[in-house]
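Asker: Got a predicted model here, sequence first, then my questions.
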Amino acid sequence: MKSNEWNRREFIVKPILWAGAARVIGKTDVLLASTIDKAGPILQRTLGKTGITLPVVSMGVMNADIPGLIRRSYELGIRHFDTAAVYQQGRNEEMVGTVIKELGVRDKVIVSTKQLLRNRPQNPAEAKNRFTEGVESSLKRLQMDHVDILYYHSVDSVEDAKAEGPLEALQILKKQGKTRFIGISTHNTVPVINEAIRLNVFDVALVTMNYTMAHNTDILNTIERAAKSGIGIVAMKTQAGGTVRPDPKLPKELPPYTQTALLKWVLNHDFVTTAIPGFSTYEHLEQDFSVARDLGYTGDEERFLSDKGFAAQAEFCQQCGECSQDCAKRVDVPALMRSHMYAVQYRNPGMARTMLASTPPGRGLNACSGCESCHVNCRNTVQIARKIAELKALTAASVV
Amino acid sequence: MNKQLSIRMITMFLSALSAIVALQAQTAPPKATPAKTRSTAPVQLASLLNAPLPGKAAAQGSAQTYNPDTLYQYIDGGADLYLLYDFKALLHQDFRSGPTDLTVDIYEMSKPEDAFGIYASERSPGYKFVVFGAEGYRDKGILNFVQDRYYVKLSSSGASADPLLDQFAHLLSGRIGGVRSLPSLLGKLPRESRVLHSEQYVKKDPLGHAFLAPSYIVSYGQGKQQSKLVISVASDAQSTKARAEQLNKHFKQSGESVAAPELGEGGIRAKNSFEGRVIARTQGRYLIALFNPSENGAEILKTVAQNLP
């Protein structure tokens, strides 16, 4: 079992030398390490077709019930604050609204909130009403007559994405001026964002994006396609690793350069307008916002992102496919490894199931059932046999 | 004659006294259970919703349980805060009782302080507070309360929603048992001008400072005059001193900070543009800080220092 020391590192992988990462780095104006100390201008980007221009680093207020932190964020130059109705049962929205009002800067900031529709009612009219009532309550807590972005929160299936009730509510609320723009937030990027592109009603998408996806062209290409269609992209979970929640019991924190490296990796995709890291201390705020002035990697950051020893510890499948030739049954081992990653690291059994279902007939997990043990060897560091055994156990337990 | 009368009177007096004692024994309230008595048997989360239930409530679908790895599936990003407070498990169940729908969420945390911490983070001083467990409140179809290491959240809609919420709260409180009081340290803090129901227990990054964790935070006064009293609890005096030095350093870097021995051990007066003014001192394993202190802030620090264990 991995020690706690590696828990947070488990999903930080992919040597910088991999083609995908190299392509990304190539897009970056990599400055000399010494330039990191120079305070350049704050980098800004435009959010899709909204016309809103934002610094590339914003504030996810979710973890911070701290008025001083919002004030300091504004002082430093942050202009977008993201909250949600479900955070601290509305207290988070109240705090954001109070501080923005005290500062007198409502017209200078972009405020987003999100509405979750739990146990979505089957009746579209009821769903629409519940969604609308929820938003009205949010506006009251925020002490605002409108927000700039209203997200349909945590939409993780195509069915939910196209649900009539919330969609109608969002569009009516936009027409009424209760929100300037409407967005969708999701952890199930590929199917949901593809549906969002098809629906052509969303102005913004809030997506999980971080370095663990460096190899995942499906996700990155989907997000880029959304951006090209005009949807503004806001990135979340940029440093937490997929949808896995941070472990608060970690014995020590990773060094600061690991966090700035991770944030820079995301922002070096220029189809991302801004990221909303959820810092909760003044120290982390300053650290994260330093990235807004310089996306070039320092030596430490480059070394962190290319650390093969680190990648080896994390056992991340590089999808090279060389292991498949070892399997007498020609099982699609890379697909099984991806499914394991979704199930275990991303804690997303839905995506894991989708991955398993996409394997060619006769080459999926079922083909492994006849083998008592797996003799396929990874050319890198992945313990394939162990991961396949874990995947079998998860499917047997109906988790996947 | 007089002797017989005296004996008779004494006898009558003793009989009456015995009768009074016997009567009191019959009508005396049961001996109050000390607030910190714990249940003799550990509570099984799933058993808290066993039949019989109030209002002949019928389960709608099967109960769902969530653990630290799956909680986000229910409350998405809201799960992070629960995890910070050592969330163990959630039992979720929907019910129907006649025309009334009810949702029961019972969060099991690691310790009573953790349950209080997460409860307080979601509580607003403006709610209507009710007597369930250590503390509870109602607001538009919800009734939430904290008791022992459990945070119970009930929501209901339809006719008879409020009575059903009360009935379920009574039942669950009885079944949970255990600690029915707020963390004891809060009782040692000044009551004058305290904003009722503003107490918090913050395990991570209190007021944006990792080194202050964990801390109890209480608000005093109103509006722009409102102060925040922070009691940062360290393991020992040496650790407290280190925290005080970090606080001093933070304010020196972001604003200004000067030594203030008149405040007591390790006293400082500091300020910056985004946190305002603060006065602080140490007392054993506690760092006591008052943000936006009132005119009698120094007295408050002194009183708190004297009362802390």
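Answerer: That came through fine.

Asker: Please save the CA atoms from stretch B:298-309 in CSV.
Answerer: Taking C-alpha atoms only, stretch B:298-309 is exported to CSV below (Å, rounded to 0.1, in the frame of the first residue of the first chain):
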residue,chain,number,x,y,z
ALA,B,298,-7.3,44.3,25.9
GLU,B,299,-9.7,43.5,28.8
ILE,B,300,-11.3,40.7,26.7
LEU,B,301,-7.9,39.2,26.0
LYS,B,302,-7.0,39.3,29.7
THR,B,303,-10.4,37.7,30.8
VAL,B,304,-10.1,34.9,28.2
ALA,B,305,-6.5,34.2,29.2
GLN,B,306,-7.6,33.9,32.9
ASN,B,307,-10.5,31.5,32.1
LEU,B,308,-8.8,29.1,29.7
PRO,B,309,-7.9,25.7,31.2
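
Asker: Enumerate the positions of it that are buried.
Answerer: Buried positions in stretch B:298-309, judged by neighbour count with 16 or more other CB atoms under 10 Å in any protein chain shown: B:298, B:300-305, B:308. C-beta coordinates here come from the backbone N, C-alpha and C atoms, glycine included.

Asker: now stretch A:146-156
Answerer: The neighbour-count check on stretch A:146-156 (16+ other CB under 10 Å) flags A:146-156 as buried.

Asker: How about stretch B:170-183?
Answerer: Counting neighbours by 16+ other CB under 10 Å, one finds that the buried residues in stretch B:170-183 are B:171-173, B:175-183.

Asker: Now distance to chain A and pLDDT too, for these, in TSV please.
Answerer: Converted to TSV, those look like this (distance: CB to the nearest CB, whole Å; pLDDT from 0 to 100):
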residue	distance to chain A	pLDDT
B:Leu171	23	97
B:Leu172	19	97
B:Ser173	20	97
B:Arg175	24	96
B:Ile176	21	96
B:Gly177	26	94
B:Gly178	23	94
B:Val179	23	91
B:Arg180	22	95
B:Ser181	23	94
B:Leu182	18	95
B:Pro183	18	95
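
Asker: Report the contact partners of B:Lys56.
Answerer: With CB atoms under 8 Å, 6 or more residues apart in numbering or on different chains as the criterion, the residues that contact B:Lys56 are B:97-98.

Asker: Let me know the pLDDT of it.
Answerer: If you check B:Lys56, the pLDDT there is 91.

Asker: if I look at it, how far off is chain A?
Answerer: In this structure, B:Lys56 and chain A are 22 Å apart, going by CB to the nearest CB, to the nearest Å.

Asker: cool, B:Gly98 as well?
Answerer: Here the distance between B:Gly98 and chain A works out to 19 Å (CB to the nearest CB).

Asker: okay, and for the chain, where does confidence drop off?
Answerer: Unless you meant another one, I'm taking chain A. In the predicted model, chain A carries pLDDT under 70 at residues A:1-38, A:118-120, A:240-253, A:308-320, A:342, A:344-351, A:354, A:380-381, A:397-399.

Asker: To clarify, I was referring to chain B.
Answerer: For chain B, residues meeting the criterion pLDDT under 70 lie at B:1-42.

Asker: residue boundaries of the helices in it?
Answerer: Counting by DSSP state H, chain B forms helices over residues B:2-27, B:72-75, B:79-84, B:112-122, B:161-176, B:237-254, B:297-307, given from the N-terminal end onward.

Asker: Out of these, indicate the one that is most buried.
Answerer: Mean neighbours per residue, mean count of other CB atoms under 10 Å in any protein chain shown, is largest over the helices of chain B for helix B:112-122, with a mean of 24.

Asker: Just list what that one packs against, helices and strands only.
Answerer: Packing contacts for helix B:112-122, counted by 3 or more CB pairs under 8 Å, 6 or more residues apart in numbering or on different chains; DSSP states H and E, involve helix B:79-84, strand B:100-109, strand B:142-147, strand B:150-157, strand B:200-202.

Asker: burial of A:Ala163, as a residue count?
Answerer: Residue crowding around A:Ala163 was assessed by other CB atoms under 10 Å in any protein chain shown; the count is 22.

Asker: distance of it from chain B?
Answerer: Counting by CB to the nearest CB, the gap from A:Ala163 to chain B is 17 Å.

Asker: Does that residue touch A:Ala127 like I think?
Answerer: Yes: at 6.4 Å, A:Ala163 and A:Ala127 qualify as touching, with contact defined as CB atoms under 8 Å.

Asker: Now residue 133. Its backbone dihedrals?
Answerer: The chain I'm using is chain A. Note on A:Glu133: backbone dihedrals following degrees, to the nearest 10 are phi -60, psi -40.
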